[in-house]
Each structure stands twice: as C-alpha cells, then as structure tokens.
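> Got a sequence here, can you build the structure:
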Amino acid sequence: KVVVNVGLGEALANAKAMLSGPHEFFSRLDTAARFGGPAGSIAFWGAVSGLLTFLISFVRPSPFGMIAAALQVVLLPVMAVLLSWLGAGLFHVMCLILGGKAPYVVSYQVIAAMAALFPLSTALSLVPYGVIPVQFAGLWLSVSAAHAAQGVGKTKAWVLFGLLTAFGVVGSIMAQAGLREFERAGGVGAMQPPE
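Below is the predicted model:
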C-alpha cells in the first residue's frame, strides 16, 4: 500500500488523484503524518484563491477597494491555515460520532486535500449560485473521506454530511438573495450616512 503524502509539493498531484479516485486517495492517507505538509498545502490553495480574488476584482470590482482585494493574496492563506484546525476538528468529531477510527492527523489531511476546492469556489463566485456545485463536490468528497479514511459507514456519512450540505446550500441561496438586494440598494454607498 503506497501512502499518500498530503503536502505543499504534492498539492496539484493530490488534487488530481483526489478528484479522479477519492476513495482510493483517502484510503491511503498517512496515519503517522506530520502537520507541516498538509498546512503548507492549505496555505498554497489559500494563496491561489487569494490571487484569483484579486484578479476577479478587475472584472467585478470589490466594494471594499483594490487594496482590500490585493490583501486577500496574503490574508486568505493565513486564514485558511488558522481555520483548517477547526474544520478538521469538526470533521474528526463528526466521524468519531459515526464510528470513525483514524487519528486526528488523518482528518487534517482530508481538509488539506479538500482545500483544492478553494480556487474553484472563488472562480465560480462570479456566477450567481456558482458555489453550490462546489458544495455538492464537497459533500461527495466528505462522504468518500469519512468512509475510506475513517471507516464510517457510507449511509451514515451521506445522512450527516448531506444534512450539513443542505444547510450550506440554503445559506448560499439566502446569501445570493441578500447580495442581489444589497446591489439593488446601491451597494456600499447606500450604507454611508447622508451628509
């Protein structure tokens, strides 16, 4: 059995392997891995997403300005790594509740591998409701990871992660409706007090 190394140097290869065969990919995660490599992979995908956010600001200007858009190149990798510990913890606890058996480092590698969806989500944010297909891809990968890496039954994983995805999709629909209302009202300028 060849062990998968989820790290910065393998980020692109890992993304391709995960998307083409998630069950096989997640079943080969290293149970004795260190955290540095996966954290580097998360930072990489955060940086790519930040760069895309900056480039998108030329197509759809950020209501907060170009400097805020440029700062995303630095801020997104940092925030992604900081929040990855929480995301991996939540994934791990949910898997444990469903009977998962692998250590936390495996859950962290799952989150690190799935960070490859960040740039796709950023790019599709240009399209109304474009992030919803990414949420469904995340569901598919979460179920595959819970089953292959943690040993969780597929039916249990589909039920739990399916419910969480349903809440996320509803949230995305509500956020999109709110954004349209915000734009209709005049954007950030409408929030300024009258002179």
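> Hmm, Leu82 and Ala43 touching each other?
No - in this structure, Ala43 is not within contact of Leu82 by Cβ atoms under 8 Å, at 10.3 Å. Placement of C-beta: from N, CA and C, glycine included.
> so where do the strands sit in the protein?
Counting by DSSP state E, no segments of the chain form strands.
> re earlier: who has more neighbours out of Ala43 and Leu82?
Neighbour count, other Cβ atoms under 10 Å: between Ala43 and Leu82, Ala43 has more, with 20 against 12.
> burial measure for Trp85, as a count.
Counted with other Cβ under 10 Å, the neighbours of Trp85 add up to 15.
> what's it in contact with, if anything?
Applying Cβ atoms under 8 Å, 6 or more residues apart in numbering, we find Trp85 in contact with Tyr108.
> gap between it and Met79?
Between Trp85 and Met79 the distance is 12 Å, computed by Cβ to Cβ, to the nearest Å.
> do the same with Val159
30 Å.
> and what of Val127?
23 Å.
> between those two, who's got more neighbours?
Higher neighbour count among Val127 and Met79: Met79, with 13 against 10, using other Cβ under 10 Å.
> Next up, the contacts around the nearest residue to Pro77 once chain neighbours are set aside.
Using Cβ to Cβ, 6 or more residues apart in numbering and skipping residues adjacent in sequence, the residue nearest Pro77 is Gly46, 3.6 Å away. Residues near Gly46 by Cβ under 8 Å, 6+ apart: Leu76, Pro77, Val78, Met79, Ala80, Val81, Ala115, Phe118.
> hmm, 7 Å instead?
By Cβ atoms under 7 Å, 6 or more residues apart in numbering, the contact list for Gly46 reads Leu76, Pro77, Ala80, Val81, Phe118.
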